[in-house]
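>>> Need coordinates for the following:
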Amino acid sequence: MKTRKLVSFDFAIKYLLRQKDNFEILEGFLTALLNEPIEVLDIIESESNKHSDISKGNRVDLMIRDSQDIRMIVEIQHASEADYLERMVFETSKTIVDNLDKGKSYGNIVKVISINILYFNLGEGNGYLYKGELQFKDLYEKHKEKAILKYSTDKLPEYYLIRTTKFKNEFNTDLDDWIYMFKNNEVREDATTKGKTRYIKNG
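Here you go, the predicted structure:
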């Protein structure tokens, strides 16, 4: 398998990917993760990511466009941190509050997707990609499929955990090529993911 060494993805996301000419790289990753075409509209600086320490963690807030305008948080974390999941929930909640203008109804909140690229083992489990979302279950319904409450809103936050340490360098989807890049700071020459060419150019 031929590969090419690149700059680390956390370095790229902190410096290179904040230039609009390089949004194609972020779009390629997000399209592979969310399985639909994604357009990055802007990167928004917040107090929490403006002075982040790259050795500890790195965060970038994105405004993207798909079927709806969604705010995304992409966070890269190298070292294990106490209460990481709690902080993740806090950052998501803060983003929702910060983007609801005073006097607006709750129906105007933005959907937030929190994407966390981890370089340490968080929790128990053998998988390398996890998705978390809010569900309401009927406590008295015995059939699992019938127990989930169905509702019309699409504004509830979603969480993705990418545990790079659990990735075994096996490739089944375009997203696996991206996770390989995160883990190894290199790209496979035969990878066909969107944004690969520009990432190699910058690397």
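>>> rest of the way, CA atoms for contacts and neighbours
Fine.
>>> Show me what the single longest helix found in the chain is packed up against.
The residue-count maximum for a helix in the chain (DSSP state H) belongs to helix 84-98. Secondary-structure packing of helix 84-98 (3 or more Cα pairs under 8 Å, 6 or more residues apart in numbering; DSSP states H and E): strand 111-118.
>>> Tell me how many other residues surround residue 179.
By other Cα atoms under 10 Å, 23 other residues sit near residue 179.
>>> correct me, but it touches residue 165?
No: Residue 179 lies out of contact with residue 165 (Cα atoms under 8 Å); the separation is 10.0 Å.
>>> What residues sit buried inside stretch 83-95?
Neighbour-count burial for stretch 83-95 flags 88, 91-92, 95 (criterion: 16 or more other Cα atoms under 10 Å).
>>> where exactly do the strands run in the protein?
For the chain, strands defined by DSSP state E occupy the ranges 3-5, 39-44, 57-65, 69-77, 111-118, 129-133, 158-163, 186-188.
>>> Out of the buried residues of stretch 83-95, flag the one nearest to residue 118.
For the buried residues of stretch 83-95, the minimum distance to residue 118 (Cα to Cα) is 12.2 Å, reached by residue 88.
>>> Which helix or strand in this structure has the lowest average pLDDT?
Within the chain, no helix or strand scores below helix 47-50, which has a mean of 44 by mean pLDDT, DSSP states H and E.
>>> quick one on the thing from earlier: would you mind putting the strands of the chain into a markdown table with mean neighbour count alongside?
Shown next, in a markdown table, are the strands of the chain (neighbours: other Cα atoms under 10 Å):
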| stretch | mean neighbour count |
| --- | --- |
| strand 3-5 | 13 |
| strand 39-44 | 17 |
| strand 57-65 | 20 |
| strand 69-77 | 20 |
| strand 111-118 | 22 |
| strand 129-133 | 13 |
| strand 158-163 | 20 |
| strand 186-188 | 20 |
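>>> weakest of those strands by average pLDDT?
Of all those, strand 3-5 carries the lowest average pLDDT, namely a mean of 47.
>>> ok, now how distant is the nearest residue to residue 111 once chain neighbours are set aside from residue 93?
Closest residue to residue 111 apart from its sequence neighbours, by Cα to Cα, 6 or more residues apart in numbering: residue 155 at 4.5 Å. According to Cα to Cα, to the nearest Å, residue 155 stands 12 Å off from residue 93.
>>> swap in residue 33?
Distance of residue 33 to residue 93, given as Cα to Cα: 22 Å.
>>> Tell me who's in contact with the residue nearest to residue 111.
Each residue near residue 155 by Cα atoms under 8 Å, 6 or more residues apart in numbering is listed here: 109-112.
>>> try residue 63
40-44, 69-72.
>>> Out of those, flag the one nearest to residue 100.
Lowest distance from residue 100 to the contacts of residue 63 (Cα to Cα) belongs to residue 71, with 11.9 Å.
>>> Pull the contacting residues for the nearest residue to residue 139 once chain neighbours are set aside.
Nearest residue to residue 139, sequence neighbours excluded (Cα to Cα, 6+ apart): residue 147, at 7.4 Å. Residues in contact with residue 147 (Cα under 8 Å, 6+ apart) are 137-141.
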